[in-house]
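J.: pasting the sequence and the predicted coordinates here, then a few questions.
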Amino acid sequence: MPDGGKTWERAPTLKCAARTDIGLIRSRNEDSLWIDAGRGWLLLADGMGGHSSGDLASALAVNYVLDSLLATAEKHEAPDYIEALAGSVVDANTAIRNAGKQSNAHNSMGATFIGALLKPGEVSYAYVGDSRLYLLRDGMLTQLSRDHTLVQEFVNAGHLTTEMAQYHPYRGLLTRGLGVHDEVEPDTGIYALHPGDRLLLCTDGLTDMVEDHEIAVLLGMPVRVGEVAVSLIEAAKSAGGRDNISVIVAWFDDQVQHDDDRCAAYR
Ligand code: CA
């Protein structure tokens, strides 16, 4: 068990909550998300394509990955989950692509996707697009994912600062997405977790409206996990709520839990 200077007093349980909100401007919610607290699976997707296409693409992404992970869990006693997760993202791309080809109404649909698989001491993750995974440790917020956007490439090349990128007019232009091309390569990572760490998965409806330092404060609030999720949604709406907003908040805790802490409903 990694301690990071601290240790668990008893076996930790995962506390997690997911919330999504249509925001204040959009007429549809095109985000999809799923949490399985028992297995420690957190999945989130942000659809694009307009009309009913965005909803469909993000739902396809989440459902496809979930089904694929469940099939892997059934087939193997000790599966390589990060490999399974990455493989399911590639397959979800094909599924969205094929569904788009079969219908003129959906031929331009696509989605971002980020999935995190948690166990005490470790998070594994895979993603495509600009939905993000953040880690809060000792008050410091770190983005574990790296946006697949044109603006992020400018940042990587030293042409833009992170601060300039946050307000850049082209910040939404993706360099990778599900359903966009016949092939896609998800980025993956595995990160050691310490007691006290908190994780956040979110769509750009949060990060376009709320700055990282405010996210850090809200994510670190000493309240129940569901209340943290609600406060993040409310912060994005207070700032204008221009897009759909989705968040999944999760952390391991070895304290005696309240019944409604472990895993709150996601809508
Ligand atoms: Ca969005």
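T.: All right, it came through fine.
J.: hmm, who's touching the least confident helix or strand in the chain by mean pLDDT?
T.: Lowest mean confidence among the helices and strands of the chain (mean pLDDT, DSSP states H and E): helix 162-166, at a mean of 86. Helix 162-166 is contacted by residues Val151, Gln152, Phe154, Val155, Arg171, Thr207, Asp208, Glu211 when judged by CB atoms under 8 Å, 6 or more residues apart in numbering. No exception for glycine: its C-beta is placed from N, CA and C like everyone else's.
J.: chain center to that helix, what's the gap?
T.: Helix 162-166 has its C-alpha centroid displaced from the chain centroid by 20 Å (CA atoms, centre = their mean, to the nearest Å).
J.: partner strands of the very next helix or strand once past that helix and their direction?
T.: Heading C-terminal from helix 162-166, the first helix or strand you meet, by DSSP states H and E, is strand 187-192. For strand 187-192, the paired strands and their directions (DSSP bridges) read strand 122-128 (antiparallel).
J.: show me what whichever helix or strand comes after the partner strand is packed against.
T.: Counting by DSSP H and E, the next helix or strand C-terminal to strand 122-128 is strand 132-137. In this structure, strand 132-137 makes packing contacts with strand 110-119, strand 122-128, strand 140-143, strand 198-202, helix 212-219, judged by 3 or more CB pairs under 8 Å, 6 or more residues apart in numbering; DSSP states H and E.
J.: got a markdown table for the ones you listed, with mean pLDDT too?
T.: As requested, the helices and strands packed on strand 132-137 are exported to a markdown table (pLDDT from 0 to 100):
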| stretch | mean pLDDT |
| --- | --- |
| strand 110-119 | 96 |
| strand 122-128 | 97 |
| strand 140-143 | 98 |
| strand 198-202 | 98 |
| helix 212-219 | 97 |
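J.: circling back: which parts of the least confident helix or strand of the chain are buried?
T.: Judged by neighbour count (16 or more other CB atoms under 10 Å), helix 162-166 contains these buried residues: Ala165.
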